[in-house]
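Engineer: One predicted model, sequence on top.
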Number of protein chains: 2
Amino acid sequence: MLKYQQIAAAIEKYIEDHALQQGDKLPVLETLMAQFEVSKSTITKSLELLEKKGVVFQVRGSGIFVRRHKRKGYISLFSNQGFKKDLEDFHLTSEVIELNVRKPSQEAALNLTIDENDDVYFVKRVRYINGQTLCLEESYYNKSIITYLNKEIVSESIFHYIREGLGLKIGFSDLYLHVGLLTEEEAAYLGLKKGMPKLHVETIFHLTNGKPFDFSKITYNYEQSQFVIQTNSF
Amino acid sequence: MLKYQQIAAAIEKYIEDHALQQGDKLPVLETLMAQFEVSKSTITKSLELLEKKGVVFQVRGSGIFVRRHKRKGYISLFSNQGFKKDLEDFHLTSEVIELNVRKPSQEAALNLTIDENDDVYFVKRVRYINGQTLCLEESYYNKSIITYLNKEIVSESIFHYIREGLGLKIGFSDLYLHVGLLTEEEAAYLGLKKGMPKLHVETIFHLTNGKPFDFSKITYNYEQSQFVIQTNSF
DNA sequence: GAGTGGTCTAGACCACGGC
DNA sequence: CCGTGGTCTAGACCACTCC
């Protein structure tokens, strides 16, 4: 692990352990430099990382402050697929409905930029949060990248397996959000009634080298659909 | 304007002008260093900025590539309030329903971290996209920060005025998303029917110094609610 | 004006991709 | 192995905040 990542992790842990709140001041750069025995730019890099993650904000001429949104019970839209850590407050489980190798739909092939004759893993799951249905998920994984999946992996965190088991590096993703009404089938899986509202999210996940490896379609239970997103200006 | 921002803007313009597509390769670092006559870290800073914005992605040992999502007609969830540039494809207009100075609701006071006796500007607008209703917006601006607003400003881009007119620097924001069904009043403003789905977004905007200055509640027309979000891993 | 974060440089060395 | 991006350093100078 790189220095600036270690330092960022240490600072984040410090904030967590001391239960610091929004606006609380952290030590000044010079102190941090001395404490971690690194140069200024390394500390700066660490703090940039934490700023991107929405953990701190820096004010020139003033200091470094903790950033923390106030509301509880909201799910971070980004820490759902792939970044499970933030969900420690929640119990996430999955019920696997379907898992097989097949040819992709035209839509899936397009989004994964593969040929319709290439193989994909198809995964269909219902995910539960604290015992309640959270969402219905249908995912297509490019089999030439995600070479193996089994029921055990798919019941747990697929993304954890991709990183640790396969040693792949997940880069960026594009999310597409829609609002609509539940179909009969979706309602059945989620234990809701047809015609109730839904949040539908399609995501294309890429590796750091830019190759799309997963196309996911997720329908969220509106009762559980409380999401938070932290953003920064450019 | 800072060097690295100028360079980032230049590179972004180059991508735009040459209509580069996802995966297209940009010149290597050394070339860019020479071309802009700056040191390596400055170019790196520029590219980091573009990476944050979702304009490029960098692959170690390989190169710098253009990142561009494929779907058209989607609104970027972040470039709506405050970052209007990305919406050039769309015609955005506003109809002002209400504009006045008042005491904040308990909810607004809480989210702006002010007292219920402090003054706020209250703005209620319906926003149109290409002539269709896009959303109903109710905003509370901390009057001790946003000292003046009038109908003309509020009909145009409030955030542009805050930046240029008031010289304030917008920092970060917290978005809270919900899905639900339209009330009678909301449906009336949006020209829809009660009971249809809605996306409800509450946002708290902060200045770079961390002070919240705007609390907004927006109800989106589900027919227009096609949003895209580009994210990066940490 | 003192304190504090941000920008920029020049250069050494490292790590990954792909031929 | 070469080309390419990433990390890290030491230090100069700049810009903002707040007393």
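Structural biologist: Yes, it's here.
Engineer: What strand or helix carries the residue lying closest to residue A:216 once chain neighbours are set aside?
Structural biologist: Counting by C-beta to C-beta, 6 or more residues apart in numbering or on different chains, the nearest residue to residue A:216 once its immediate chain neighbours are dropped is residue A:139, at 4.4 Å. C-betas here are computed from N, CA, C, even on glycine. Mapping residue A:139 onto the secondary structure by DSSP states H and E places it in strand A:132-142.
Engineer: ok, the residue nearest to residue A:216 touching residue A:213?
Structural biologist: No. In this structure residue A:139 lies outside contact range of residue A:213 using C-beta atoms under 8 Å: 10.3 Å.
Engineer: What separation is there between the residue nearest to residue A:216 and residue A:198?
Structural biologist: Distance check for residue A:139 against residue A:198: by C-beta to C-beta, to the nearest Å, it reads 17 Å.
Engineer: returning to that earlier point: beta partners for the residue nearest to residue A:216?
Structural biologist: residue A:123, residue A:216 (DSSP bridges).
Engineer: who's in contact with it?
Structural biologist: In this structure, residue A:139 makes contact with A:121-125, A:158, A:214-217, judged by C-beta atoms under 8 Å, 6 or more residues apart in numbering or on different chains.
Engineer: Residue A:202: neighbour count?
Structural biologist: Burial of residue A:202, expressed as a neighbour count using other C-beta atoms under 10 Å in any protein chain shown, amounts to 18.
Engineer: and the closest residue to it other than its chain neighbours, what element?
Structural biologist: Sequence neighbours aside, residue A:176 is the residue nearest to residue A:202 in space, at 4.5 Å (criterion: C-beta to C-beta, 6+ apart). Taking DSSP H and E as the definition, residue A:176 sits inside strand A:170-181.
Engineer: Dump that strand to CSV, keeping only the CA atoms.
Structural biologist: C-alpha atoms of strand A:170-181 as CSV (Å, rounded to 0.1, in the frame of the first residue of the first chain):
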residue,chain,number,x,y,z
ILE,A,170,-11.9,-1.6,-10.7
GLY,A,171,-11.7,1.8,-12.3
PHE,A,172,-14.7,4.0,-13.1
SER,A,173,-18.4,3.5,-13.8
ASP,A,174,-21.3,5.2,-15.5
LEU,A,175,-24.7,5.2,-13.7
TYR,A,176,-28.0,5.8,-15.4
LEU,A,177,-31.0,6.6,-13.2
HIS,A,178,-34.6,6.3,-14.1
VAL,A,179,-37.8,6.6,-12.1
GLY,A,180,-40.8,4.4,-13.0
LEU,A,181,-43.5,2.0,-11.8
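Engineer: Residue A:230 contacts residue B:171, correct?
Structural biologist: No. Taking C-beta under 8 Å as the definition, residue A:230 is not a contact partner of residue B:171, at 11.4 Å.
Engineer: Tell me which of those two has more neighbours.
Structural biologist: Neighbour count, other C-beta under 10 Å: between residue A:230 and residue B:171, residue B:171 has more, with 22 against 18.
Engineer: what's the strand holding residue A:176 packed up against?
Structural biologist: Where contact means 3 or more C-beta pairs under 8 Å, 6 or more residues apart in numbering or on different chains; DSSP states H and E, strand A:170-181 is packed against strand A:197-207, strand B:197-207, strand B:227-232.
Engineer: and the ones you listed as JSON lines, adding distance to residue B:27 and mean pLDDT?
Structural biologist: Compiled in JSON lines, these are given as follows (distance: least, C-beta to C-beta, whole Å; pLDDT from 0 to 100):
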{"stretch": "strand A:197-207", "distance to residue B:27": "22", "mean pLDDT": "96"}
{"stretch": "strand B:197-207", "distance to residue B:27": "37", "mean pLDDT": "97"}
{"stretch": "strand B:227-232", "distance to residue B:27": "22", "mean pLDDT": "94"}
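Engineer: Which among those strands is found nearest to residue B:71?
Structural biologist: Of all the helices and strands packed on strand A:170-181, it is strand B:227-232 that lies closest to residue B:71, at 6.7 Å by C-beta to C-beta.
Engineer: Also compute the angle for the closest one relative to strand A:227-232, please.
Structural biologist: Computed with axes from the mean of the first three to the mean of the last three C-alpha atoms, to 10 degrees, the direction of strand B:227-232 lies at 60 degrees from that of strand A:227-232.
Engineer: just checking, what packs against strand B:227-232?
Structural biologist: In this structure, strand B:227-232 makes packing contacts with strand A:170-181, strand B:75-76, judged by 3+ C-beta pairs under 8 Å, 6+ apart.
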